[in-house]
Structures are given as structure tokens and as C-alpha cells.
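**Student:** the sequence and its predicted three-dimensional model are supplied below.
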Amino acid sequence: MAQFKAWIVDKGEAGQNLSYGEFDEADLMDGDVTVRVTHSTVNYKDGLAMTGKSPVVRRFPMIPGIDFSGIVEASDHPEYKPGDMVVLTGWGVGETHLGAYAEKARVKGDWLVPLPEGLSAAQAMAIGTAGYTAMLCLMALEKHGVNSAQGPALVTGASGGVGSVAVALLAGAGWNVVASTGRAGEEAEYLRDLGASEIIDRAELGQPGKPLVKERWAAAIDAVGSTTLANVLASTKADGAVAACGLAQGMDLPTSVAPFILRGVSLLGINSVTTPQPKRREAWARLARELDLRKLSSMTTEVPLSEVKRTAEEILAGRVRGRTVVTVA
């Protein structure tokens, strides 16, 4: 019986516990493709799962980690054969299905996408769920019809994973980008290098405000939620749109109908977990074409699989800039 290294979340009388050790391949869950994982990443959601700060994990024991890239070892799926390079994000992996923080994974082939041409396995995980979500946000804004001629675009949580990629993508698409961060002083140079033209402190948006205030941006990508999202909506220009994809500040939304019925602002919800395959593949293809790989490299650090726990704790504490690639194999 083959064994491999993995992080394992279990639950006892005292609550959730986490260990790093051996896992039997025979105990992997059902799936028609077995992948040798080469890289993963650490998203905010992974931090919640690893630490138990939020009930992300809904099956025990669980291998956490919501996305990976790797090499197909065995396949009964018609689209994949041994040796193929693949990427997975979402579909409940790391939550209800054994996940990415391991040397092997067995999943449904319908959840996978081929590694996009032009990206390495490590670069795909430098993008990861966070960067993929940022692209879904951009696509939603474009589909809605807002454009850079109408005004700037705001990105909240700009120095985080989703935010960093969102700043780079919006700047690359010709937007003037306003970057909101809790570390405005220390992150200014980093965010300007990614393409931000203005940087504001998150405190401007983080406290309760009025239902409507001065119009400031035509579009926004928000990874924070709660009061911040309410203030983002209150400051969005008439007929503008906000793509919401996160809840770092909270799941509540203390706002009113005013932005929607008095200015025609639209709130666009982004679900990156069960995105249909056509849209999923379009997003990955666009990331491979449009994301500046120099900027991607500048926002990325690497850690070995054994250091994921420390990184998970740091991402929840707001001490992780940009993207973190986990080197598994």
C-alpha cells in the first residue's frame, strides 16, 4: 500500500486538530483521475480550513488545500492520460473531498482543466484560486458593460492574493486602479509596481458610513465584504458595478437599497467553486494570455509543503503579501 506525505485535519472532543504525516493511497476518495501533485498554494480559505477559524472543512479526516497543479498518474477519464499536466481549483476539494496539501490526489476528471499553454505548474499555482477568481471578477465587469472611460476601478484587499492579481489585470486592461490596503505605507511601492495609480488606506472604507456618498469609481473588485463592501457600493458611480468575491471582514452586508435604485449600481456575485467548464477554461486561457508574468513573479513567494501551517496562520493575520506557491514534489 503506497503512502505519501499529507497534511490531515481531524476532529476530536477538543475540536479540530492538524497533523503532518503519512497517508495511504488506498484511503483516497473516489475519482477517475489520480494526480501526482507538484504544486499548490495558500488562499485565505485555506487559512480558515487549516486553523479551524471557520467551518470550511465539512468531512473528517480531511486533507486541506483547495487547488493544485500536477501530473496525471492514472486516468479512466477520456480527456486525460498519464503524463498530462493539469490544474484544479474549487469543486469542494479540501472541504468535502480530500484536497491538495498532499503528494497525491484522486478527483473527478470533470473538475480538472489542462495546464494552460504558456504557464508552468508553479505559475498556475501562483495564480491559483485567488488569481482565477480575480479574472472571473474582471470578466463579470466586462460582461456588465462598465469600462475604463467611465472612471477608475477600486480593488479592496489589494495586497492580498485576489487583490494583487486584480490590480495587475485591471491595469493591464487599461483601468486606472485605486488600491485599498491596510498597509498603505509599506505596500505602496509594491502596489504601484503591479499597476495601481492611487493607494488608499482601508480605514477609509472599513467603518460604518452613509448609504450614499460622493461618487468615486465606476467599478470595483471587492474581496473584503461587510462594511467595506457597503461603503464601496455607496461610492460607486451611477450605472457602475461591483464584483464581490470575498468575506475577509465578514459575511454581513450593512447597506440599503439606495445605491441600487438611486444610482443603478449593480452588485455582481462571483462563485469560483463550481464555475462551469466553458467559463472556467476561458478564464484560465485569458490568465495565460493577459496576466503579466513579471508582475506575477513579483507578487509570489514559495514555501515547501511542510511549512503550510505557518503560512496559513500568517495569511489570516494579514501578514502575507500577494501569492504563495507550495512546492509539493
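**Tutor:** Ah, there it is.

**Student:** tell me the contacts of residue 54?
**Tutor:** For residue 54, the contacting residues are residue 48, by C-beta atoms under 8 Å, 6 or more residues apart in numbering. Backbone N, C-alpha and C define where each C-beta goes, glycine included.

**Student:** what pLDDT does the model give it?
**Tutor:** You'll see residue 54 listed with a pLDDT of 86.

**Student:** could you do residue 1 as well?
**Tutor:** We have a pLDDT of 50 for residue 1.

**Student:** for the longest helix seen in the chain, which residues meet the burial criterion?
**Tutor:** Ranked by number of residues, the top helix in the chain under DSSP state H is helix 121-144. The neighbour-count check on helix 121-144 (16 or more other C-beta atoms under 10 Å) flags 121-141, 144 as buried.

**Student:** measure how far the very next helix or strand once past that helix is from the centre of its chain, please.
**Tutor:** Per DSSP states H and E, the first helix or strand lying C-terminal to helix 121-144 is strand 153-155. Offset of strand 153-155 from its chain centre (C-alpha atoms, centre = their mean, to the nearest Å): 17 Å.

**Student:** tell me the strands beside strand 153-155, with direction?
**Tutor:** Here strand 153-155 is paired, per DSSP bridges, with strand 177-181 (parallel), strand 217-222 (parallel).

**Student:** just the helices in the stretch 151-300 of the chain please.
**Tutor:** 161-172, 184-194, 203-206, 226-234, 258-262, 277-290, 293-298 (DSSP state H, counting those that start in this stretch).

**Student:** leaving out chain neighbours, which residue sits closest to the residue most central in space within the chain?
**Tutor:** What sits nearest the mean C-alpha location of the chain, by C-alpha atoms, centre = their mean, is residue 130, with 1.7 Å. Spatial nearest neighbour of residue 130, chain neighbours left out: residue 161 (3.2 Å); criterion: C-beta to C-beta, 6 or more residues apart in numbering.

**Student:** do residue 119 as well
**Tutor:** Excluding the flanking residues, the one nearest residue 119 by C-beta to C-beta, 6+ apart is residue 288, at 5.1 Å.

**Student:** could you report the neighbour count for residue 180?
**Tutor:** Burial of residue 180 is recorded as 30 neighbouring residues (other C-beta atoms under 10 Å).
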